[in-house]
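Trainee: coords please:
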Amino acid sequence: MNKINRLISLLLLYMAGAALLMMVFIVVGNIIVRQVSSSFGGTTEVVGWLTAVVVALSLAYSQRAKAHVELDLLVTHFPVRIQTCLISLVALASFLFFSMVAWKLWEYGFNAMQRGSLSQTLRVAIYPFVYLVALGFSAFCLVLFTDFISSLKKVVTQ
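Mentor: Numbering: from 1, shown residues only. Got it, this is the predicted structure:
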């Protein structure tokens, strides 16, 4: 399971990096073009989509690498057994919450596809971006689930 998580999170991280590069090129290109003539239309819209994609696709890798802020001032004073139980509970609660988020994102993307929803400025279909965000959250849920299972194993073995 860890190998699959690693592969998926790395693949999504590379996709997030590509989206970040596209954002940079769009913004810099817009700045350069603005000096000569008028700027690109819809730059803000595209950069907004790509920002959502970058954040969502990098969540799984960030969770695997534990590259997030963790406030454990109070928890570190608890016995190790209670700490591992709390880690398990937080992992389970996070998994359940973000599973609902991922589910609703997939549902929203499907509904947007069926309705033919288009963006306001460029009139581009929005569902591919919603699906990418849903994919990122789904991969994040997979990592959270494996974190929960591994922390549960630690609780049982202690």
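Trainee: How much space separates residue 80 from residue 86?
Mentor: Between residue 80 and residue 86 the computed distance is 11 Å (Cβ to Cβ, to the nearest Å). Every C-beta, even on glycine, is put in place using the N, C-alpha and C of the backbone.
Trainee: and these two? which has more neighbours close in?
Mentor: When neighbours are counted by other Cβ atoms under 10 Å, residue 80 and residue 86 differ, and residue 86 comes out ahead with 16 against 9.
Trainee: Give me the distance from the helix or strand the more buried one falls within to the chain's centre.
Mentor: Counting by DSSP states H and E, the element that carries residue 86 is helix 80-115. On the basis of Cα atoms, centre = their mean, to the nearest Å, helix 80-115 sits 11 Å off its chain's mean C-alpha point.
Trainee: what's it packed up against?
Mentor: Taking 3 or more Cβ pairs under 8 Å, 6 or more residues apart in numbering; DSSP states H and E as the contact definition, the neighbouring helices and strands of helix 80-115 are helix 127-157.
Trainee: I figured residue 51 hits residue 23, correct?
Mentor: Yes: A contact is recorded between residue 51 and residue 23 when judged using Cβ atoms under 8 Å, the distance being 6.9 Å.
Trainee: what about the two, which has more around it?
Mentor: The residue with more neighbours, out of residue 51 and residue 23, is residue 23; 19 against 13, by other Cβ under 10 Å.
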